[in-house]
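Here's my sequence, what's the structure:
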Amino acid sequence: MSQFLRDYLTVAIFSGITVGLLSGVLALGKLVRPVRPQGAKYLSYESGVDPVGDGWAQSPIRYYVFALLFVLFDVEAVFIFPWAIQLEVYGWFGAIEMIVFIVLLSLGLLYAWRKKVLQWI
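Residues are numbered from 1 along each chain as shown. A predicted model of the protein is given here:
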C-alpha cells in the first residue's frame with residue numbers, strides 16, 4: 001500500500017472512530033435523559049410575556065438586505081486589517097489594489113444608499 005493511501009486510511013479510521021463515539025454518546029444521552037412531555041414546554045416565550053396569536057410573522061425583505069450589507073462590510077474589515085499590517089511588504093502594488101477594493105466597495109455602498117436600502121423603517 002502506498003503512503004498516499006495509508007494517509008487516507010488513517011483519516012478514514014479516525015473519521016469512523018469519531019462517528020462511532022458521537023453516535024454512542026448521543027444514544028447514551030437518549031437512554032439516560034428523563035422524558036416528561038408537557039404542553040407548556042412547546043409554547044413560544046419571550047421576555048416573560050405570554051404569546052399572543054400565531055408565532056409566524058413575515059419580515060420585510062429590506063431587513064434581510066440590511067443584514068446582508070452589514071455582513072458584507074464586516075467582511076471588508078477582515079480583508080483590510082491584514083493588509084494594513086503588511087503594507088510595507090506589499091508596497092505600491094498592494095496599496096493600489098486596496099484602493100481599487102475600497103473604491104468598489106464604496107460604489108456598492110453608494111448604490112445601496114441611492115436605492116434607499118439603508119433606510120431603516
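
list the buried ones in the host helix or strand of Tyr111?
Assigned by DSSP states H and E, Tyr111 belongs to helix 87-114. Going by neighbour count (16 or more other Cβ atoms under 10 Å), the buried part of helix 87-114 is Met98, Leu105, Leu109, Ala112. (Each C-beta comes from the backbone N, C-alpha and C, glycine too.)

now for the residues you listed, which pair is the farthest apart?
Met98 and Ala112 (21.0 Å; Cβ to Cβ).

separation between Thr10 and Lys116?
56 Å (Cβ to Cβ, to the nearest Å).

next one: Val35
Counting by Cβ to Cβ, the gap from Val35 to Lys116 is 52 Å.

Among the two, which residue is more densely surrounded?
More crowded of Val35 and Lys116, by other Cβ atoms under 10 Å: Lys116, with 9 against 5.

give me the element the spatially closest residue to Met98 that is not a sequence neighbour is part of.
Spatially, and ignoring its direct neighbours in sequence, Met98 is nearest to Trp83 (5.4 Å; Cβ to Cβ, 6 or more residues apart in numbering). Secondary structure assignment for Trp83, by DSSP H and E: helix 61-85.

centroid residue for this structure?
Val71 (9.1 Å; Cα atoms, centre = their mean).

Next one: it from Gln119, what distance?
18 Å.

Same check on Tyr90?
37 Å.

do the same with Tyr63
Distance from Tyr63 to Gln119, by Cβ to Cβ: 12 Å.
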